[in-house]
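# below are the sequence and a predicted model for it; my questions follow.
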Amino acid sequence: MMKYRRASIAIALTSILALPAVSFAAVSAEEAEKLGKELTCVGAEQAGNAAGTIPPYTGKYLGEVPGWNHVPHSGSHPVDPYADEQPRIVVTAANYKEHAEFLSEGQKAMFVKHPETYRMEVYPSHRDFRYPDMVCERAKWNALNAKVVDDGYGVEGIAHNLFPIPQSAMEVLWNHQLPYRDWTEDGVRDVITVSANGTKGYGRAHGVCLSMSNNPNETPYTDGVQSTCRTETILPTRDRGGASLIKEPFNFAKNSRLAWSYNAGTRRVRLAPGYGYDQSLSGSNGSLTIDEDRLFNGAPDRYNWRLVGKQEKFIPANGFRTESADIKYDDLLTTGHADPKYIRYEQRRVWVLEATLKESSRHVYGKRVMYLDEDTWHIVMADNYDTRGNLWKYAFINMYYHPDMSAWKAGSSYFHDLNTGDYVGYTLVNERRHAGIINKGDLTESDFTPDRLRALGR
């Protein structure tokens, strides 16, 4: 199990300097001093771009979103602080080539696939929200001490924001794998598959998660289990009552991802061997793979990873509007893609990662190109190719800042099949009573055991 040391952050940071297992300095002290000055505390460039289309980082809001009168841990749906703004650019099939340098290949393909209906409304960019001081202090320590181990299968350091000044593709990937985000979460999510003719298939699940690596009250190290989730199926009716339990390790070379499933028909709990990779994600009607939740998750071993570098792109950002309780699914989920008026794009800097399938490995995706927002380290877009090298899918996530954790939360995500015209709206909450209870702190590791899964079934 994970090891903790209870203390104030100042005391904790002093104590971890003595950790013998994490003594390799990733960057120089001089480089680390840029954090909080030339760079934000987690490594983004403080300055805007020369064109003025990316603003300087302000970080003027901590734990609050203007206009969102959020009651802590209530699960309220987000309110858009930029609701009165108008797009500065509207990209369509008629003009997308003029903006090609800011578009991914998947986005370009969407204009070709849906020339009459697809558009991207690009709004003024905002960099107004910041992390707690605790996150900044941990990130600076990690810059000097964290390291990738076991050929990229694991890491050592404090368990989030490990590489604010990354030197390699694996460091960038692990920044996505372990950002600072919600510690505990409890919510019901909808998964809706929209076929090319507009018909919809519905899935729904109740999930609870405990991310020990993001416990704000303790100093977690990369040892043992990083997070664990339990999911109970509500829809489709034929699968109702089924449940699963997953435990995610910090080091995939030393510990495998563990998963158990409860079958309501047999009333038995079984260990699910080899869980992950391109197995079908429950509730997605076979449209999504397990390892494309959050656009990538799990062991990195089936791919060769290359850091392409940093680019400027139009990406989904500050996606408060998309998660509103005022939007009905029939209005949001139009044929071919979500209604563009609900999706906010901004011009931002992203780190670009490319994963190419190893010759010795198997996966439905032969290549994956992923785009990480420099301010958050979350992958927000992905272009996925089949094993013949053909562009197959375009996917994105709406991220927004959540007061309950003073960090960025993954909202709904959308996965588009560029061959069939089908797409999936994943982790939707618009028609749910609440958008998820965040960081209430009422979950413990004892809630995530096979016995607990069996008890839920009964």
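Cool, got the structure.
# tell me the predicted confidence for residue 363.
With respect to pLDDT, residue 363 has a value of 98.
# where's the nearest residue to it once chain neighbours are set aside, which helix or strand?
Closest residue to residue 363 in three dimensions, ignoring its sequence neighbours and counting by C-beta to C-beta, 6 or more residues apart in numbering: residue 278, at 4.9 Å. The way it works is simple: take the backbone N, C-alpha and C, and place the C-beta from them, glycine included. For residue 278, there is no host helix or strand (DSSP states H and E).
# my read: residue 278 touches residue 365, true?
Yes. Assessed by C-beta atoms under 8 Å, residue 278 is found in contact with residue 365 at 7.1 Å.
# can you give me the strands for the stretch 201-350 of the chain?
225-235, 243-249, 258-263, 268-271, 303-316, 345-357 (DSSP state E, counting those that start in this stretch).
# what's the answer for the stretch 351-458 of the chain, then?
367-373, 379-385, 391-402, 407-417, 423-428, 437-438.
# how close does residue 407 get to residue 56?
20 Å (C-beta to C-beta, to the nearest Å).
# and residue 457, by the same measure?
In terms of C-beta to C-beta, residue 457 sits 53 Å off from residue 56.
# more crowded one of those two?
Per other C-beta atoms under 10 Å, whichever of residue 457 and residue 56 has more neighbours is residue 457, with 17 against 12.
# contacts only, for that one.
241, 243, 262, 264, 267, 269 (C-beta atoms under 8 Å, 6 or more residues apart in numbering).
# then residue 416?
Contacts for residue 416 (C-beta under 8 Å, 6+ apart) come out as 106, 110, 113, 337, 393-395, 422-423.
# out of the residues you listed, who's the most crowded?
Neighbour-wise, the contacts of residue 416 (other C-beta under 10 Å) top out at residue 423, 26 neighbours.
# for the strands of the stretch 201-350 of the chain, please prepare a markdown table with the additional fields distance to residue 176, mean pLDDT and mean neighbour count.
Listed next are the strands of the stretch 201-350 of the chain as a markdown table, based on distance: least, C-beta to C-beta, whole Å; pLDDT from 0 to 100; neighbours: other C-beta atoms under 10 Å:
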| stretch | distance to residue 176 | mean pLDDT | mean neighbour count |
| --- | --- | --- | --- |
| strand 225-235 | 13 | 96 | 20 |
| strand 243-249 | 14 | 96 | 22 |
| strand 258-263 | 21 | 95 | 19 |
| strand 268-271 | 28 | 94 | 14 |
| strand 303-316 | 12 | 98 | 18 |
| strand 345-357 | 8 | 98 | 22 |
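# those: which one's closest to residue 78?
Nearest of the strands of the stretch 201-350 of the chain to residue 78, taken as C-beta to C-beta: strand 303-316 at 13.9 Å.
# hang on, the earlier thing: who has more neighbours, residue 278 and residue 365?
residue 365 (24 against 15).
# hmm, residue 419 and residue 196 touching each other?
No. Shown here, residue 196 and residue 419 do not form a contact pair, counting by C-beta under 8 Å, at 9.9 Å.
# shaky segments in the stretch 301-450 of the chain?
Of all residues in the stretch 301-450 of the chain, none has pLDDT under 70.
# residue furthest from the geometric center of this structure?
residue 266 (34.0 Å; C-alpha atoms, centre = their mean).
# name the residues of the longest helix seen in the chain that come out as buried.
The residue-count maximum for a helix in the chain (DSSP state H) belongs to helix 133-145. For helix 133-145, burial by neighbour count (16 or more other C-beta atoms under 10 Å) applies to 134-145.
# switch those over to TSV; also include distance to residue 430.
Below are the buried residues of helix 133-145 laid out as TSV (distance: C-beta to C-beta, whole Å):
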residue	distance to residue 430
134	32
135	29
136	33
137	37
138	34
139	33
140	38
141	40
142	36
143	39
144	43
145	42
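# which of those residues sits closest to residue 187?
Using C-beta to C-beta, the buried residues of helix 133-145 come closest to residue 187 at residue 135, 23.0 Å.
# coming back round to it: relative to strand 407-417, how tilted is the longest helix of the chain?
Here the directions of helix 133-145 and strand 407-417 differ by 70 degrees (axes from the mean of the first three to the mean of the last three C-alpha atoms, to 10 degrees).
# show me what helix 133-145 is packed against.
Packing contacts for helix 133-145, counted by 3 or more C-beta pairs under 8 Å, 6 or more residues apart in numbering; DSSP states H and E, involve helix 9-16, helix 29-32.
# average model confidence for the longest one?
Model confidence over helix 9-16, given as mean pLDDT, is 38.
# rewinding a little: quick one: mean pLDDT over the longest helix of the chain.
97.
# past it, which element shows up next along the chain?
Toward the C-terminus from helix 133-145 - assigned by DSSP H and E - lies strand 147-149.
# what's that following strand packed up against?
Checked by 3+ C-beta pairs under 8 Å, 6+ apart, strand 147-149 has strand 154-156, helix 169-177 packed alongside it.
# would you mark the buried spots in the longest one?
By neighbour count with 16+ other C-beta under 10 Å, helix 169-177 contains the buried residues 169-177.
# out of the strands of the stretch 201-350 of the chain, flag the one nearest residue 66.
That would be strand 345-357 among those, by C-beta to C-beta, at 17.0 Å.
# run through the residues that contact residue 175.
161-164, 166, 372, 377.
# rerun that using 6 Å as the cut-off
Contact partners of residue 175, counting by C-beta atoms under 6 Å, 6 or more residues apart in numbering, are 163, 377.
# for it, give its distance to residue 215.
19 Å.
# do the same with residue 158
11 Å.
# spatially nearest residue to the most centrally placed residue in the chain (excluding sequence neighbours)?
When C-alpha atoms, centre = their mean is applied to the chain, the residue found nearest the centroid is residue 294 (4.0 Å). Distances taken as C-beta to C-beta, 6+ apart place residue 410 nearest to residue 294, at 6.1 Å, with adjacent residues excluded.
# do the same with residue 241
In space, residue 241 comes closest to residue 264 once its chain neighbours are excluded; the distance is 3.2 Å by C-beta to C-beta, 6+ apart.
# ok, the one you found - how many residues close by?
Neighbour count of residue 264, defined by other C-beta under 10 Å: 14.
# quick check, pLDDT for it.
pLDDT, residue 264: 89.
# from what I see, it and residue 244 are in contact.
No. Using C-beta atoms under 6 Å, residue 264 makes no contact with residue 244, being 11.9 Å away.
# any idea how far the closest residue to residue 307 other than its chain neighbours lies from residue 176?
Closest residue to residue 307 apart from its sequence neighbours, by C-beta to C-beta, 6+ apart: residue 169 at 3.9 Å. Residue 169 sits 11 Å away from residue 176, going by C-beta to C-beta.
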